[in-house]
Every structure is written in structure tokens, then in C-alpha cells.
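Visitor: I'd like to go over a predicted model; first the sequence, then the structure.
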Amino acid sequence: MSTRVILDCDPGIDDALAIAFAIGHPGIEFTGITTVAGNVGLAKTTANALAVASFAGAPGVPVTAGCPAPLLRPALDAGHVHGESGLGGAVLPAPPHGPRDGHAIDFIIAEIAAAPGEITLVATGPLTNIALAVRREPRLPEWVRDFVIMGGSAGRGNVNPAAEYNIWADPEAAAIVFSAGWTVRMIGLDVTLRARATAAVQERMRSFGKLGSELMLPALAQYADSNDSTGEPPVHDVCAVVSVIEPSVFTYTPALVRVETTGTWTSGMTVTDFEATGSPNALVATDIDADKFWDVVLGTYGSLAGSMDQRP
Ligand code: BDR
Ligand code: CA
């Protein structure tokens, strides 16, 4: 039986690769994509999600736009990392249609409410949509099968020493999400930095037909991740989707995670307490089997590339 997934994202180069993975993996039933402002503005994250889904052969995956700005703070994008379009150097054909009518928050609530215990919600952007969804429907945490984020860090950040981008961009939203009563499966930066598109990985991507030559390689070539001076960028968001379908790739430790919202230098920090007394609110990834990760990811992309190249 396949696992149903809703991906809330801000494509974004690594979000785009996460979408392609979810489309390509036979064990994932892609229930929908919701978009949020983050790496680039909402109009671009939404257009990118549509373009990637259709390019990867899944134009029927519904895409619903969400929040255009964080809850309280101004929107500060990461165009300097992901390029002006959000997809680095990749230029994809225009998608055949636009987003669904309606708001991401309503889509998330309606789909999860209609299938309690069945849908895994994965967030790979700022947590604005998810915070408003749990505020509007406090039973969401009871109804999801699992909730996973790429975000935060049990170590250092990437925007600054304290904060990882997705949490830093909307810390008030993240604070709401971490205290919503569910166990957040946190795949943080300290672990995703070990999932790098090495030279060998990029070489494999050269054999992936147009998936490699039109999306992956040109996108990654212009991925100016602040932790990357190696030409081997980390693919953070892919980790979150892989964790849904191949749980053994990651090792987890329960922790109490609190989000700093007021610190002058630490706003957006995920203060991760592995020794807290009381109930943990998160399962925090503390290790990754990077070889296994790339076996799964490249195997999935290889099959997707084969099916894409058979299409006219
Ligand atoms: C996260 O921030 C974004 O720029 C990436 O898409 C990823 O979700 C990494 O810190
Ligand atoms: Ca992202």
C-alpha cells in the first residue's frame, strides 16, 4: 500500500528535487502540493511547483497556493541562494494549467480530515501555512499519519550561527507548530548537510535524460547554498520526503524543541533539548546513512527519468 503525502514547500531548488522524488517513488501517492512564500515569493514558488510537477510527468498533482508572507515579519527571500526564479539555472516549459482555486490551509485541512490516519504532511519551507492550519483546526495533529519537516538544527544554523532558514523565515509560525500537540519529525540542517550531491552523484544525474539535463544539473549548478563552497550542494528537502518512505535512512532521538522568537541574535533557533524532563515534542534526526540515501534517491530518479524519456 502506498503512503499518501501532502508536501508544503517553497520551490526552491531542493524543494523541486523533493517534488521529483515524490513523483518518482512508487510507494508514494502524491495527494497534493501546497506552496508558501520562502525561497522566492509565493507567485514563483507556486509557478515552480506546477512546472516541476508537470515536467516530471504528474500534471494532475493538485497545487494550491498558501500564505504570501510570514505571520508577523516581512518576507525575506533566499533568491541569492536559489536564483531569481527559484530554480537556479533550470528553465522548464510552462505548465498546462495554474493552481487550484482556494487556499493551501483549506486544502491541507480538508484532505487530512477526510482521511484520518492516512496522510503524511511534509513541510520543506517556512511553516506559515502549517501554523495557520493547526490554529484553524486543532485536531489536525490527531488526524495526520505523520508530520515531518526539513527545518531547524540541533547544531548550527545557515542564515546565521543560530538559525536555519525555514525556521528563521517565520519563527512565530514554527513556535506554533512545535507546540501544536503532535510529535514533529525534524530533519534538521545538521543532518541534511550530509546529503550532498557529490561529483559522483552529479555524474549519475548526467544519465537521467532530460530530468538530469533540464532540471537537476542546471538547478544544482546555480545552487549557492551558504554551506557549500564545494560544488557539492546539500539537497536538504529531499531528505524529508525520503524519510517518509525509507525510515531506516535516518536515526532519531526524542527531544523537546523550543523555537526562539525573541533573541536579538538567536531568533529562529531551534533549541533542542535531548535531556529535558517531561514529554518530548519532536523526534529529531541525529544521523543519516548517506550511501543508503543516495541509493534510494538515485534509483527513484533513474526510474522517473526512464518513464519521462518514453513520453513524447
Ligand atoms: C532550507 O532552506 C531553503 O533555502 C531550502 O529549500 C531548504 O528547505 C535549508 O535551510
Ligand atoms: Ca525549501
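Guide: All right, it came through fine. Ligands and ions are numbered 1, 2, ... in the order given.
Visitor: Quick check: chain neighbours aside, which residue is closest to the residue of the stretch 101-250 of the chain found nearest ligand 1?
Guide: Residue of the stretch 101-250 of the chain nearest ligand 1, by C-beta to the nearest ligand atom: residue 165 (3.6 Å). In short, each C-beta sits where N, CA and C put it, glycine included. Closest residue to residue 165 apart from its sequence neighbours, by C-beta to C-beta, 6 or more residues apart in numbering: residue 159 at 5.2 Å.
Visitor: residue ranges for the strands of the protein, please.
Guide: Here the chain has its strands, by DSSP state E, at 3-9, 28-35, 63-65, 119-123, 146-150, 184-187, 250-259, 270-273, 282-288.
Visitor: ok, the fourth one near ligand 2 or not?
Guide: Right, strand 119-123. No - using C-beta under 5 Å from the ion, strand 119-123 stays clear of ligand 2, with a minimum separation of 8.8 Å.
Visitor: Quick check: the residue nearest to residue 165 vs residue 294, distance?
Guide: 27 Å (C-beta to C-beta, to the nearest Å).
Visitor: hang on, the earlier thing: burial check on the residue nearest to residue 165, number of neighbours?
Guide: Using other C-beta atoms under 10 Å, the number of residues around residue 159 comes to 19.
Visitor: And residue 1, by the same measure?
Guide: 6.
Visitor: cool, and residue 283?
Guide: Going by other C-beta under 10 Å, the residues that sit close to residue 283 add up to 19.
Visitor: Please spell out the segments of the stretch 51-200 of the chain that come in under the pLDDT threshold.
Guide: Judged by pLDDT under 70, the stretch 51-200 of the chain has no weakly predicted residues.
Visitor: now the helices for it?
Guide: 79-82, 104-114, 128-136, 140-143, 165-169, 171-178, 189-192, 199-205 (DSSP state H, counting those that start in this stretch).
Visitor: Of those helices, give the one that comes closest to ligand 2.
Guide: Distance to ligand 2, taken as C-beta to the ion, is lowest for helix 165-169 among the helices of the stretch 51-200 of the chain, at 6.3 Å.
Visitor: Report the distance from that closest one to the chain centre.
Guide: 12 Å (C-alpha atoms, centre = their mean, to the nearest Å).
Visitor: where does residue 37 sit relative to residue 289, distance-wise?
Guide: Distance, residue 37 to residue 289, using C-beta to C-beta: 33 Å.
Visitor: just checking, residue 221 touches residue 87?
Guide: No - taking contacts as C-beta atoms under 8 Å, residue 221 lies outside contact range of residue 87: 11.2 Å.
Visitor: of the two, who's got more company?
Guide: Relative neighbour count places residue 87 above the other of residue 221 and residue 87, with 27 against 14, counting by other C-beta under 10 Å.
Visitor: what's near enough to touch the more buried one?
Guide: Counting by C-beta atoms under 8 Å, 6 or more residues apart in numbering, residue 87 touches 11, 12, 13, 16, 48, 51, 52, 215, 219.
Visitor: and of these, the nearest to residue 31?
Guide: residue 52 (16.4 Å; C-beta to C-beta).
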